[in-house]
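Engineer: Provided below for reference: sequence and predicted model.
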Amino acid sequence: MGTFDGQCAIVTGASGLLGFAAARRLAEAGARVVMADCHATAETAAKIADLGLEAFPHVVDVIDERSIALLVEAVVDRFGRIDILVNCAGIANTLVPAPFEAIPPEQWHRLYDVNVVGMIRACAAVSCHMRKARSGRIINLASGLAYKASVGLIHYIATKGAVISVTRALASEFAPDNVLVNAVSPGFTSPDNAINFDELVERFPAASPANRLIKRHAEPADVANVIAFLASADAGFMTGQVIAADGGSVFI
Ligand SMILES: NC(=O)c1ccc[n+]([C@@H]2O[C@H](COP(=O)([O-])OP(=O)(O)OC[C@H]3O[C@@H](n4cnc5c(N)ncnc54)[C@H](O)[C@@H]3O)[C@@H](O)[C@H]2O)c1
């Protein structure tokens, strides 16, 4: 019997590195997982369905309120419930570090629209269903950079600080209805293939195992395991928390 048997999860950003790992982890533990992303949803859901697990693709754009409303409507129509929302949709890996003065206002707006307001739109769309059911888990993706900062990514760092604040504020709002809201703060986690690691470390020193206490490559599963914990009954007395899944890099 799986931890999430009978439950339904929505994972946004499920075609990405951490969203896919989270979706797979939840599906392996018995959840029916709706894999929501603005691209490649059919291919990524097929990879999980091919393992004999329950994954369902849905194209969504988190900057479009109507698109999110349609996602939630489709999930409720099909499954009659939403137990878990994991907000992994975000702009992160494609960012090129730039000095503060060189970041144009439209990039700030775009990043906030996806990383912060996109997450808020998804929380708002599921909240009435979860609150009515008096049960639900929301897991947001923060970042170790919100604590440590890093030159060249001020707009990204600011969005992740906002993710932490919104997580705490929503935890307070939703607690009376037993909807628990927590965040995971990953360290730098990259695919273990298809990257020039030396070049990556030059651009993002935080990517180097030398800059964390546990000196190994960070796997997407390291983050997905914490997401699964926060979605599980074992985390039933936790809300408004941010757990770092970063090999201890926040201490260095
Ligand atoms: N990978 C890391 O090292 C790391 C570290 C700290 C925090 N995070 C955070 O974790 C989350 C996931 O990161 P990742 O590494 O999987 O990134 P990723 O780039 O691999 O995946 C992000 C996914 O979000 C989707 N997306 C982007 N804009 C969207 C939109 N408007 N609507 C719907 N989907 C959209 C993309 O299509 C992509 O599939 C992000 O919020 C990121 O900031 C990642």
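Structural biologist: Alright, I've got the coordinates. Numbers count the residues shown, from 1 in each chain.

Engineer: what residue in the stretch 1-150 of the chain comes nearest to the ligand?
Structural biologist: The stretch 1-150 of the chain approaches the ligand most closely through Gly16 (1.9 Å), counting by C-beta to the nearest ligand atom. Just so you know, the C-beta spots here come from the backbone N, C-alpha and C atoms, and that holds for glycine as well.

Engineer: for that residue, which non-adjacent residue is spatially closest?
Structural biologist: Counting by C-beta to C-beta, 6 or more residues apart in numbering, Cys88 is the residue found nearest to Gly16 once chain neighbours are left out, at 6.2 Å.

Engineer: with Ala21 instead?
Structural biologist: Leaving aside its chain neighbours, Ala21 sits nearest to Pro220 (3.5 Å; criterion: C-beta to C-beta, 6+ apart).

Engineer: ok so, going back, please report how far the residue of the stretch 1-150 of the chain closest to the ligand lies from Asp234.
Structural biologist: Distance of Gly16 to Asp234, computed by C-beta to C-beta, to the nearest Å: 26 Å.

Engineer: picking up where we left off before, report pLDDT for the residue nearest to Gly16.
Structural biologist: Cys88 carries a pLDDT value of 98.

Engineer: what's the neighbour count on the residue nearest to Phe4 when sequence neighbours are not counted?
Structural biologist: Take Phe4 and drop its neighbours on the chain: the residue closest to it by C-beta to C-beta, 6+ apart is Ala31, 3.7 Å away. Neighbour count for Ala31, taken as other C-beta atoms under 10 Å: 26.

Engineer: okay, Gly16 and Asp234: which has more neighbours?
Structural biologist: Gly16 (22 against 11).

Engineer: Arg131 touches Leu180, doesn't it?
Structural biologist: No: Arg131 is beyond contact range of Leu180, at 11.8 Å (criterion: C-beta atoms under 8 Å).

Engineer: wait, what's in contact with Thr239?
Structural biologist: Contacts of Thr239 were listed using C-beta atoms under 8 Å, 6 or more residues apart in numbering, and they are 171, 174-175, 180-182.

Engineer: over to it: give its phi and psi.
Structural biologist: Backbone torsions of Thr239, given as degrees, to the nearest 10, read phi -150, psi 150.

Engineer: for this structure, what lies in contact range of the ligand?
Structural biologist: Residues of the chain lying near the ligand by C-beta under 6 Å from any ligand atom: 12-13, 15-19, 37-39, 60-63, 88-93, 114-115, 118, 141, 143, 186, 188-189.
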